[in-house]
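> Predicted coordinates and the sequence they were generated for:
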Amino acid sequence: MDRRLFIAAIAAGIMVPAGAHAAAPIQWVVPFEQGGGTDVWARFMAGWLSATLPGRPEVRRLNISGGNSTRAANFFAAEARADGRMLLGTTGSTQFAALLGDRRVQYDYADWRIVAASPSGGVIYVPASLGIGSMAELIARGQKVHFGSIGAASLDIVPLLALEILGLEVAVLLGLNSRNAARAGLIAGEFDVDYQTSPGYLAQVRPLVEAGQVVPLMSLGALDRNGRLDRDPAFPALPSFLEVYRQIHGRDPEGAAWQAWQALFRAGFAAQKMVFLPRSVPEARTDVFRRAFARIAADRRFRAEASAVLGPYPLLAGPQADAALASAMTMVPEIRNWTRDWLERRFRVTP
């Protein structure tokens, strides 16, 4: 074991004496039900974290769905203690609720310390039965399409706003309990278009693509090292949202809708998954987790396995995770107000 990690572990009180049982288990609160992209990510990360932490404690997932992830975050805010035995894995929906002033929010990111973050991506796809091969073809049909959504102010806001900016007329059914339900609805013929985050797409949708049942049209994109929107490295053959807009409209998007989309994309995808401990946890104990995630991020085998399961996105730890959190939770008041107005106008939803 790394000497600094060993010393920090002793200070944090989580080392176990030789011959004793493994360290007490860690609970990882997951804000959606089993089987979705967030659960796939948490399940994968929990195994690596368990193997890397001193004492190899079991990391148990606690799935708490509801409220566009706010129920789980509220639970963590109320129940997590200073012993560092409970982690929260957030997703874009958790960030959006805080940024937009969702009335259900009973948590404050300022009360937590980040220990890791993971970017992610998303892919928009349609059933093969539509006979569509590109987003331009879908829009050229001139027909309304149907989309199943967990909630307009959830992570779904990013693809929904993208589709509106592109000029596609979308009828949205709100209130699904998961993206799994939306995918199942598309396969059953209830919806004409769907999106999944990268883990969910790789696990659940890619086999449907290979079977000829669905056709991917575009990715949402990914930020390059300079912070510019580019193709998603997990789906290099797919054009990004920005590319598709340029192909259809012959220019770059502009205006408040585009500014809002960029802010939401940073919060929802550029740092989609974040892992937190309560700020009340002693710094020495928090550092054990931060160092463990840093070791995971540097592990070649982890990077290879994560690329296949989650996509080729870096695991961010230390200062990189801090910077990702700061960027994700920044939204100027004018764009925040525009987004809230759009949700009210478009969906009659008031966060």
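Alright, I've got the coordinates. Numbers count the residues shown, from 1 in each chain.
> How many residues are close by Y109?
Number of residues near Y109 (other Cβ atoms under 10 Å) recorded here: 19. In this view, the C-beta of every residue, glycine as well, is placed from N, C-alpha and C.
> OK, contacts around it?
A98, F276, L325, M329 (Cβ atoms under 8 Å, 6 or more residues apart in numbering).
> cool, L100 as well?
A153, R336, T339, R340, L343, P351.
> Then T94?
P31, S69, T70, A72, A73.
> measure the fourth one to L155 for me?
Distance, A72 to L155, using Cβ to Cβ, to the nearest Å: 14 Å.
> Leaving out chain neighbours, which residue sits closest to V281?
The shortest distance from V281 to any non-neighbouring residue, by Cβ to Cβ, 6 or more residues apart in numbering, is to G84 (4.4 Å).
> G47 against V59, yeah?
Yes: look at G47 against V59 with Cβ atoms under 8 Å: they come within range, at 7.5 Å.
> picking up where we left off before, shouldn't the residue nearest to V281 be within a strand?
No: counting by DSSP: H, G, I helix; E, B strand; the rest coil, G84 falls outside a strand, being coil.
> quick one: contacts for it?
A12, I14, L277, P278, V281, P282, R285, T286, V288, F289.
> quick revisit: in strands, which of the contacts of Y109 fall?
F276 (DSSP state E).
> are any of the contacts of L100 buried, and which?
Buried members of the contacts of L100, scored by 16 or more other Cβ atoms under 10 Å, are A153, R336, T339, R340, L343, P351.
> With pLDDT, distance to Y109 and secondary structure added, can I get these in TSV?
Shown next, in TSV, are the buried ones among the contacts of L100 (pLDDT from 0 to 100; distance: Cβ to Cβ, whole Å; DSSP: H, G, I helix; E, B strand; the rest coil):
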residue	pLDDT	distance to Y109	secondary structure
A153	90	17	coil
R336	95	15	helix
T339	97	18	helix
R340	96	19	helix
L343	96	21	helix
P351	77	16	coil
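> Let me know the closest of those to S307.
Of all the buried ones among the contacts of L100, A153 has the smallest distance to S307: 31.1 Å, by Cβ to Cβ.
> where do the strands sit along this protein?
26-30, 59-63, 86-90, 112-118, 122-127, 145-148, 170-173, 194-197, 214-219, 222-223, 229-230, 273-278.
> Nearest to F347, out of these?
strand 170-173 (6.9 Å).
> quick check: mean pLDDT across that closest one?
Averaging pLDDT along strand 170-173 yields 97.
> neighbouring strands for that strand, and are they parallel or not?
Looking at strand 170-173 with DSSP bridges, its partner strands are strand 145-148 (parallel).
> Other residues contacting the strand it pairs with?
126, 138, 160, 163, 168-173, 176, 181-182, 185-186, 190-194.
> sorry, back to before: so which of the strands of the chain gets nearest G318?
strand 112-118 (9.0 Å).
> Would you mind stating the distance between S149 and A182?
Counting by Cβ to Cβ, the gap from S149 to A182 is 7 Å.
> same check, this time on M274
23 Å.
> Repeat that for T197.
Distance from T197 to A182, by Cβ to Cβ: 12 Å.
> show me what contacts L208?
L208 neighbours (Cβ under 8 Å, 6+ apart): I187, V214.
> Just give me the closest of the buried ones among the contacts of L100 to L202.
Nearest to L202 among these: A153, at 25.9 Å, using Cβ to Cβ.
> What subset of the contacts of strand 145-148 is buried?
Here, 16+ other Cβ under 10 Å leaves 126, 138, 160, 163, 168, 170, 172, 176, 181-182, 185-186, 191-194 buried among the contacts of strand 145-148.
> Between those, which sits nearest G311?
D194 (17.8 Å).
> Just to check, that closest one is in contact with L130?
No: because the distance of 11.9 Å does not satisfy Cβ under 8 Å, D194 is recorded as not touching L130.
> Which residue comes closest to D111 once chain neighbours are left out?
R279 (5.4 Å).
> Does that neighbour touch I114 like I think?
No: using Cβ under 8 Å, R279 makes no contact with I114, being 10.3 Å away.
> quick one: which of these two has more around it?
I114 (26 against 14).
> Mind pulling up the pLDDT for the more buried one?
At I114, pLDDT is 98.
> what's the answer for N177, then?
So, for N177, pLDDT stands at 85.
> How about the contacts made by it?
E33, S65, I150.
> quick one: contacts for A82?
Here A82 is in contact with P278, S280, V281, P282 (criterion: Cβ under 8 Å, 6+ apart).
> And it, how close does it get to P57?
Taken as Cβ to Cβ, the span from A82 to P57 is 17 Å.
> cool, and G35?
25 Å.
> Nearest residue to the most centrally placed residue in the chain in space, please, no chain neighbours.
Nearest to the mean C-alpha position of the chain, counting by Cα atoms, centre = their mean, stands Q272 at 3.4 Å. Setting aside the residues directly before and after it, Q272 is nearest to S120 in space (Cβ to Cβ, 6+ apart), at 4.1 Å.
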